[in-house]
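pasting the structure only:
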């Protein structure tokens, strides 16, 4: 057997123990494509951890400008290599090359790296707090330990373990990253790793600051996740996989930041439906089937009043779904998982309105629309909010606004929750009633738009209550907040000025925003003036 | 059997199932004192959770001014009742009534409640972030779920489950609190609960916003900690107890904020020792024996150069410890635990220089000083950093600064780490070398003062890397940061202004500090001007 190399301790080297190999598949045909990639054993995992631990202190002491230069150089490299990257990712994921990968996801990825670079340069993620009377200065600091990142199948660039938000966040806070690439797009990940490696050299960062492994068996993954030498884990993926890793990490005192399942409930209030039901049906269909529905923010449950407007919405949505082309899913595993979960929904009483057939060639699936009574949902809320990852929507028909609110109150934690309301204000009371129940159960409450867009903004929250994530207080997207996951709170108590980190010293030549004696400002400690 | 009542669902009522009773002890005599308190069964725990869940949404919607009024009224009540509270706490803990309880801890407690009230009024804990171009607004919001607080034995007021930092923080974020009082000071906790209850009524908060249980068996405690209806847990206490609760909470997806063990290493750099060794010996002795050493920030390990100045320091410290009066410990359990851990240190090779005898009446213990080679510590760092909770210090004799740094590098996570340096700057290189190893292993790095003072300041970090706490990113002391533990990140995406929480609306009449389009300011969204 031979296989592609791993990126360990600053160099590309073959797996020291090659347990197996695997290849990517073209999801559109189901045929294996590209090179053989390694399934490695414990020795390579240990080598990666040891190398990351060995450079953690050095990386933490690295001047921020060099970290920012790395992030910018990597973004440049990705953009220069866009054509090849898009071709690889398209071949491995079947995501549309132009409309999705080239025009949206790749620029989003380089932009995210650059936002992280900006947060490094302006120190915004460090949130300095100074109490001059008490002699105390506190900021967010590197973990001084490696961060392990597991990438998902559904964003070959923007959430890739070696290029996405977790990666950019962990490196921005000057922590080494061990990236566990997703096996459904190994060549894309490898090419990104080559670009990262080149950017590391260009910026003069320690060679082991970024490492990449492709695949190892689940038991080894759990052992790795439970290694107390780790500073944190970033994970985006399935609930079962994420919770198993969380349990291992929890036992070792390693914070695990997980982004798991979410059905992203959408509530169509009566006035909105009366006003623009047809447009809403189109909007829902587009959002639910985009990227073959393989988004963590896919609108999986839509709550629709049981009235004539609701019936018309259901009819229009059914028509859209019926005439849709089958969507290509990432893998046979995704397809089988989706079919199993649709079966679970149907067994729990959801009626299939249209679609739901697998179709060849490759991993194709006819977008599916299901419907159930809200009353039935309320009798079995757990099973009827099973996430069906793919182009599948479940419509819940509610007798009235009170029942819509009851559905909201029976939801598990979700990343998002959406309400559509009439433009004339006639849904105000319904909004208040439903949103009161929905608000505490979602991370992002959305007005009058579908949840599938996730802007990379300081004000984004791509997080939510358990079990949509592992902790309700953190976001996986948006700088500088996403960086703060991978930091430790460090206080200095009567430490002399020259021995403080730059952003905590009296003088503030870089204009870092700091909270001094209760006020945010950008000034020196001894010459405070209002923030510009 | 009869016993004192529990505070459940807004009223004082007897345990529905009284499994046993217990009384406090006067630690100075070992004699039981005061009333019988209940050990309750599962029904009362369930009643408390159900009542807290039932008011969680209402409390989250309560106008902040009423929360602040409650915190202020409670602080007033504590101050009005100071004499009785101090008498009770002194009887139950043997802590000095005037110098510690009346003059320091009680004012600290009411001040902390008032700082929480201020954070409620100025919305500082909500940290609003607004992105006008993206239509996104995010802030920290209530959990909408109860917070369970376990109080420790060593602060009958300032960390009491129903009056301390976790309590004030959880309520400030508008979450109901279920307080689990510590069984070593039940009457003090009961009196505080009565004052909290009166303040709740005065402020018009939901009656079940604050509840208190005294004691239940450990299995029921684990069941409670693993109840998914909880929003979070605050715990201050022993490592074994805290980690058991954390495991239960982790499995249910409930964030647990733990403050566990810490040996708070102190490094005496050569220049400091040459300059003022005698003064340092006095300072160390005072800090290590204050409150009979029963502080989470007690200086338990002191690293001392092996030279003439170091020998003189050891001799001076030994003299102080030898002539000290025996200190009263909180309970027989604390005494036995301390003796066991001192035995562990001695078995690992630490030499007892003085003290270490238990003495009657009551739970008295002669302050103990131990010594070991740093080289020996480096061979068995785990066992030689066993926390001996009480008036016990372990001196580690280091050959040189490099060995001091090696000791620092072998430390587990600690709350604090201290360096003493010469005033003439001659220790600068030693500071750099030792602090580089120490910094990532402690939450608060302290210059030239003992760790036992923990100011309630926005710039405090009373936290640290695992296993000193459960997460390196949070502090248990200091407003508003401590409040943020008990919050969820809530984003609003294109939600109309009237439907936003007050601190996220365009108009900002209260002058809340907000980050708008990357800048901190106190202005309206559409009329941004520099922060005043």
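On my side now, so go ahead. These numbers were taken from a predicted model, which means no experiment stands behind them. Numbering: from 1, shown residues only, chains lettered A, B, ... in the order given.

bridged to residue A:233, which residues?
Going by DSSP bridges, residue A:233 is paired in beta bridges with residue A:148, residue A:256.

was I right to think it contacts residue A:254?
Yes: between residue A:233 and residue A:254 there is a contact at 6.2 Å, judged by Cβ atoms under 8 Å. The way it works is simple: take the backbone N, C-alpha and C, and place the C-beta from them, glycine included.

find the residues that touch each one of those two.
Common contacts of residue A:233 and residue A:254, defined by Cβ atoms under 8 Å, 6 or more residues apart in numbering or on different chains, comprise residue A:225.

of those two, who's got more company?
In this view residue A:233 and residue A:254 are compared by other Cβ atoms under 10 Å in any protein chain shown, and residue A:233 has more residues nearby, 31 against 24.

please report how far that one lies from residue A:173.
For residue A:233, the distance to residue A:173 equals 14 Å [Cβ to Cβ, to the nearest Å].

now residue A:498
Using Cβ to Cβ, one gets 23 Å for the distance from residue A:498 to residue A:173.

the more surrounded of the two?
Taking other Cβ under 10 Å, residue A:498 and residue A:173 do not tie; residue A:173 has more neighbours (30 against 10).

look at the residue lying closest to the more buried one once chain neighbours are set aside and report its pLDDT.
Leaving aside its chain neighbours, residue A:173 sits nearest to residue A:486 (4.5 Å; criterion: Cβ to Cβ, 6 or more residues apart in numbering or on different chains). Residue A:486 carries a pLDDT value of 98.

closest residue of the stretch 301-450 of chain A to chain B?
residue A:440 (3.5 Å; Cβ to the nearest Cβ).

for residue A:216, phi and psi?
Here is the backbone geometry of residue A:216 (degrees, to the nearest 10): phi -150, psi 170.

on the three-state scheme, whichever residue of the stretch 201-350 of chain A sits closest to chain B is what?
Going by Cβ to the nearest Cβ, chain B is nearest to residue A:253 of the stretch 201-350 of chain A, at 3.3 Å. Secondary structure, DSSP: H, G, I helix; E, B strand; the rest coil: residue A:253 is coil.

distance of it from residue A:178?
Residue A:253 sits at a distance of 18 Å from residue A:178 (criterion: Cβ to Cβ).

ok, residue A:29 next?
Applying Cβ to Cβ, the value for residue A:29 to residue A:178 is 33 Å.

so the two - more neighbours on which side?
Between residue A:29 and residue A:178, counted using other Cβ under 10 Å, residue A:178 has the larger neighbour count: 27 against 14.

show me what that one is bridged to.
For residue A:178, the beta-bridge partners are residue A:148, residue A:211 (DSSP bridges).

which pLDDT value goes with it?
The predicted local confidence for residue A:178 comes out at a pLDDT of 98.

residue contacts, it?
By Cβ under 8 Å, 6+ apart, the contact list for residue A:178 reads A:48, A:49, A:52, A:146, A:147, A:148, A:149, A:211, A:212, A:213.

go ahead and confirm residue A:327 touches residue A:289.
Yes: checked against Cβ under 8 Å, the pair residue A:327 and residue A:289 is within contact range at 6.2 Å.

identify the contacts common to the two.
Residues touching both residue A:327 and residue A:289 (Cβ under 8 Å, 6+ apart): A:367, A:391.

which strands or helices does the helix or strand encompassing residue A:375 pack on?
Secondary structure from DSSP states H and E places residue A:375 in helix A:374-379. Judged by 3 or more Cβ pairs under 8 Å, 6 or more residues apart in numbering or on different chains; DSSP states H and E, helix A:374-379 is in contact with strand A:392-398, helix A:401-409.

quick one: average pLDDT of stretch A:449-458?
Here stretch A:449-458 scores 94 as its mean pLDDT.

what sits up against it?
By Cβ under 8 Å, 6+ apart, the residues outside stretch A:449-458 that reach it are A:108, A:111-112, A:115, A:124, A:165, A:264, A:266, A:283-284, A:286-287, A:290, A:295, A:297-299, A:415-416, A:418, A:444, A:460, A:462, A:477-481, B:129, B:131, B:134, B:136, B:493-494, B:515, B:518.

burial measure for residue A:65, as a count.
Considering only other Cβ under 10 Å, residue A:65 is surrounded by 12 other residues.

OK, contacts around it?
Residue A:65 neighbours (Cβ under 8 Å, 6+ apart): A:120, A:121.

for residue A:72, see how far away it is.
Counting by Cβ to Cβ - residue A:65 and residue A:72 are separated by 10 Å.

can you pull the domain assignment for chain A?
Annotated domains of chain A cover A:52-260+A:477-483, A:266-447 [automatic domain parsing].

so which of those is nearest residue B:309?
Checking those against residue B:309 by Cβ to Cβ gives domain A:52-260+A:477-483 as the closest, at 26.7 Å.

any idea which element residue A:276 lies in?
Taking DSSP H and E as the criterion, residue A:276 maps to helix A:270-289.

contacts for that helix, please.
Counting by Cβ under 8 Å, 6+ apart, A:266, A:268, A:298-300, A:302, A:304-305, A:307, A:309-310, A:312-313, A:316-317, A:319-321, A:324, A:327, A:367, A:391-393, A:401, A:420-424, A:426-427, A:430, A:448-452 sit against helix A:270-289.

now which of the residues you listed would you call buried?
Buried by 16 or more other Cβ atoms under 10 Å in any protein chain shown: A:266, A:268, A:298-300, A:302, A:304-305, A:307, A:309-310, A:313, A:316-317, A:320-321, A:324, A:327, A:367, A:391-393, A:401, A:420-422, A:427, A:430, A:448, A:450-452, out of those.
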